[in-house]
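S.K.: Sequence first, then the predicted structure:
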Amino acid sequence: MSELESNGPNWDRLFETAAGQSGYVTTKQAAEAGYSTHLLRKHIHAGRVTRPQRGIYRLVHFPATEHEELVTAWLWSEQAGVISHQTALSLHGLSDVLPAQVHLTLPAAWSQRRFRVPPDVVLHHADVAPEHRAWFSAVPVTNPRRTLNDCAREGLSPELLRQAAQQALRRGLVTKAELGDVEVALKPFGGLAA
């Protein structure tokens with residue numbers, strides 16, 4: 001088999017990658033399956049692929065899912081980001097927060113990088129340890145403990161922060177001892193129990 005044949009387009013490989021990501025692939029992942037940007041454009045014109053944003057493609061065979069914006073934000077971050085802050089609160093069903101944008105935490109080292117941030121993404125920079133992560137569908141999200149403490153440090157309104165912390169405590173998702181930043185943030189507003 002020639003090198004060209006072994007590196008040619010492999011729809012099954014592309015489809016398999018997309019299957020684990022709600023139908024999405026990055027330009028790099030497509031190239032690894034043998035699809036150049038030129039070939040991807042041909043598939044766009046044929047109606048088999050769409051390009052929702054720069055560097056990210058969607059195979060149209062996959063049904064739309066509820067939180068596709070999370071997948072595209074995560075793929076945009078080269079799979080290094082973690083869905084966090086208000087977006088994570090919403091995914092965990094904590095408080096009445098309704099984030100208009102996707103909050104994404106990138107590794108601290110990325111704070112020195114210069115890149116074009118999608119308009120619907122709010123960036124935070126910190127290293128998120130594996131034990132502070134959970135999974136929501138195809139994307140990593142900060143766990144309830146990390147999410148609550150991140151929101152406390154970022155100045156989420158006391159009402160929403162208190163509501164979220166109380167819900168997490170009632171549901172057994174966290175212990176009071178794990179909410180140090182939350183308690184500090186809420187102290188001037190009557191504390192956690194107010």
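M.R.: Yep, it's here.
S.K.: Just give me the residue right at the centre of this structure.
M.R.: Ile83 (3.6 Å; Cα atoms, centre = their mean).
S.K.: what about the protein, any weak spots by pLDDT?
M.R.: Filtered on pLDDT under 70, the chain yields the residue ranges 1-7.
S.K.: any chance you could map the strands in it?
M.R.: For the chain, the strands defined by DSSP state E occupy 24-26, 49-53, 56-59, 82-83, 102-106, 121-125, 133-136, 139-142.
S.K.: Make CSV out of those strands and add distance to Trp11.
M.R.: The way it works is simple: take the backbone N, C-alpha and C, and place the C-beta from them, glycine included. Output for those, formatted as CSV (distance: least, Cβ to Cβ, whole Å):
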stretch, distance to Trp11
strand 24-26, 12
strand 49-53, 11
strand 56-59, 9
strand 82-83, 29
strand 102-106, 30
strand 121-125, 30
strand 133-136, 27
strand 139-142, 24
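S.K.: okay, now the domains of this structure?
M.R.: 3-59, 68-189 (automatic domain parsing).
S.K.: Quick check: the residue nearest to the centre of the chain touching Leu70?
M.R.: Yes. The pair Ile83 and Leu70 qualifies as a contact (Cβ atoms under 8 Å) at a distance of 5.6 Å.
S.K.: Are there residues contacting both of these two? Which ones?
M.R.: 102, 136, 139 (Cβ atoms under 8 Å, 6 or more residues apart in numbering).
S.K.: Now restrict those to buried residues only.
M.R.: 102, 139 (16 or more other Cβ atoms under 10 Å).
S.K.: ok, so of the shared contacts of Ile83 and Leu70, who is nearest Val60?
M.R.: Val139 (20.6 Å; Cβ to Cβ).
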